[in-house]
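>>> What follows is a predicted protein model with its sequence.
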Amino acid sequence: MRIIRSIRVLQVWRRKYATQRIGFVPTMGALHEGHLSLIRRARKHCSTVVVSIFVNPLQFSPSEDLSRYPRPVKSDQQLCREAGVDVLFCPSSEEFYPKDFQTTVKVNRLSQSWEGTFRPTHFEGVTTVVTKLLCLVRPNRSYFGQKDYQQLLVIKHMVKDLNIDTKIVRCSTIRESDGLALSSRNRYLSENQRRQAISLSVALRQGVQSIKHGQTNVQMIQNSMQKILEKFSGVRIEYLAVCDANTLSTLPRVKGEVVLVGAIQIGKVRLIDNMLAKGP
Ligand code: PAF
């Protein structure tokens, strides 16, 4: 595995690999089974796999602690090596965002709801970094987890709007055996908080089940999910909703493909999750 830290070196490398089918997995490191599943999928379908590790300052708000974000550099490199990654791109913040950096990319409507309400500058940071990474790596396929469902839709929209020539591949959320979606943030949970953390997936699963059993009244589904969450102590709901799977707009009734989205706060840890369901 080749580790590239410089943008210039990556560009030179990319020119040499013009004919390869390149699969790209952008990450912020602290790799877990969720990331590894994306890498394996890329490995299966592409001749060359590039992973980036870059803790993107632009997607953190001043109240979110960028310096506290985990950076287990050596073990991340080892995991990438074992997973058969060809190139690991780890640019420095100074080179990626030089002092005179002044261009951002913003997907307007899709970025505003749900996560956008609680983290108003987050998606602009994500779409800016992902655009830069896609321009550098120029992958045939780019792999993103369903776990960050709104991020996935925002990036898909951006790629379409800007005619970026890459296929965005959605990969299923990987969960612990009790249902908790894997996230780099789970490592911040205390033992007790870890027990409360399953509440979100329990509530969402219950919502999916009620849709499967024919419930189409969104308010009733949301109320029953909320009741489940309220049974867990120390869990604060940020949002919990059933919405259109493509636009993320709210619906009075379940119709076609919907996504059940939720965000909770347990102590200082913020967790998000989602599940897809099909209505009539
Ligand atoms: O999902 C993430 O880890 C990040 O938002 C991403 C896509 C790597 C951009 O920094």
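Cool, the structure landed. Numbering: from 1, shown residues only.
>>> Show me what from the stretch 51-200 of the chain comes close to the ligand.
56, 59, 126, 129-130, 148, 151 (Cβ under 6 Å from any ligand atom). For the C-beta atoms, the positions are set from N, CA and C on the backbone; glycine is no exception.
>>> can you put those in a markdown table and add neighbour count and pLDDT?
A markdown table is the format used below for those (neighbours: other Cβ atoms under 10 Å; pLDDT from 0 to 100):
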| residue | neighbour count | pLDDT |
| --- | --- | --- |
| 56 | 21 | 98 |
| 59 | 21 | 98 |
| 126 | 25 | 98 |
| 129 | 22 | 98 |
| 130 | 25 | 99 |
| 148 | 20 | 98 |
| 151 | 22 | 98 |
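>>> so what's the most centrally placed residue in the chain up against?
Geometric centre of the chain, nearest residue: residue 148, 3.3 Å, by Cα atoms, centre = their mean. Contact analysis of residue 148 by Cβ atoms under 8 Å, 6 or more residues apart in numbering lists residue 272.
>>> what's the closest non-adjacent residue to the closest residue to the ligand within the stretch 151-280 of the chain?
At 5.8 Å from the ligand, residue 151 is the closest residue in the stretch 151-280 of the chain, using Cβ to the nearest ligand atom. With sequence-adjacent residues excluded and distances taken as Cβ to Cβ, 6 or more residues apart in numbering, residue 151 is closest to residue 126, at 5.9 Å.
>>> With residue 95 instead?
residue 7 (5.8 Å).
>>> Point me to the residue of the stretch 51-200 of the chain nearest the ligand.
Evaluated by Cβ to the nearest ligand atom, the stretch 51-200 of the chain has residue 56 as its residue closest to the ligand, separated by 4.1 Å.
>>> And the pLDDT at residue 19?
With respect to pLDDT, residue 19 scores 86.
>>> Also residue 280?
pLDDT at residue 280 comes out at 86.
>>> hang on, isn't it packed against residue 258?
No. Between residue 280 and residue 258 there is no contact under Cβ atoms under 8 Å: 10.9 Å.
>>> Would you mind telling me which of the two has the busier surroundings?
Neighbour tally, residue 280 and residue 258, criterion other Cβ atoms under 10 Å: the higher count belongs to residue 258, 26 against 9.
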